[in-house]
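> Predicted model, plus sequence, below.
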Amino acid sequence: MAIRKEDLYRMVESLNSEDKKAAFDFMEFLIERSRNQKPKSWQDIDELENDSDPLTKEEIKQLESKEGYISGEDAKRDFGIQVDLP
């Protein structure tokens, strides 16, 4: 399916500022994915020390909620993310 640049421009122009930022971030992700590169921000996260803090009550509540929760594995599959493990 061929997409005209003009249609993409029109769609982006119709978004509010906050949604334009989300569209920009997603486009960056798609470009990096198409080049088989891990985004720099993910590399930075990989270099952080592990978090050993216990979950807060709010985090536990979110994890136990049936509304909109998906596992990390589901998210990776849905977004076509591959994680290279050492």
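Cool, the structure landed.

> next one: the lengthiest helix in the chain to chain centre, how far?
Secondary structure of the chain per DSSP state H: the longest helix is helix 17-34. Put simply, helix 17-34 sits 9 Å off its chain's centre (CA atoms, centre = their mean, to the nearest Å).

> what element comes up after it heading to the C-terminus?
Of the helices and strands lying after helix 17-34 in sequence (DSSP states H and E), the nearest is helix 40-46.

> Please list the outside residues in contact with that following helix.
Helix 40-46 is touched from outside by residue 38, with contacts defined as CB atoms under 8 Å, 6 or more residues apart in numbering. The C-beta positions use only the backbone N, C-alpha and C, and glycine is treated the same way.

> Do me a favour and average the pLDDT over it.
On average, the pLDDT along helix 40-46 is 76.

> got a pLDDT number for the residue of the chain most remote from its centre?
Each residue of the chain has a distance to the centre, and by CA atoms, centre = their mean the biggest one is for residue 6: 25.5 Å. pLDDT for residue 6: 93.

> now do the one 3 residues further on
Predicted confidence (pLDDT) for residue 9: 91.

> Do me a favour and average the pLDDT over stretch 53-66.
85.

> now that stretch: how far from the chain's centre is it?
With CA atoms, centre = their mean, you get 20 Å for stretch 53-66.

> end-to-end on it?
24 Å (CA to CA, to the nearest Å).

> show me the contacts for the residue farthest from the centre of the chain.
With CB under 8 Å, 6+ apart, residue 6 has no contacts at all.

> For it, which three-state class applies?
Judged by DSSP: H, G, I helix; E, B strand; the rest coil, the three-state class of residue 6 is helix.

> From residue 28, how far off is it?
Noted for residue 6: a distance of 21 Å to residue 28, by CB to CB, to the nearest Å.
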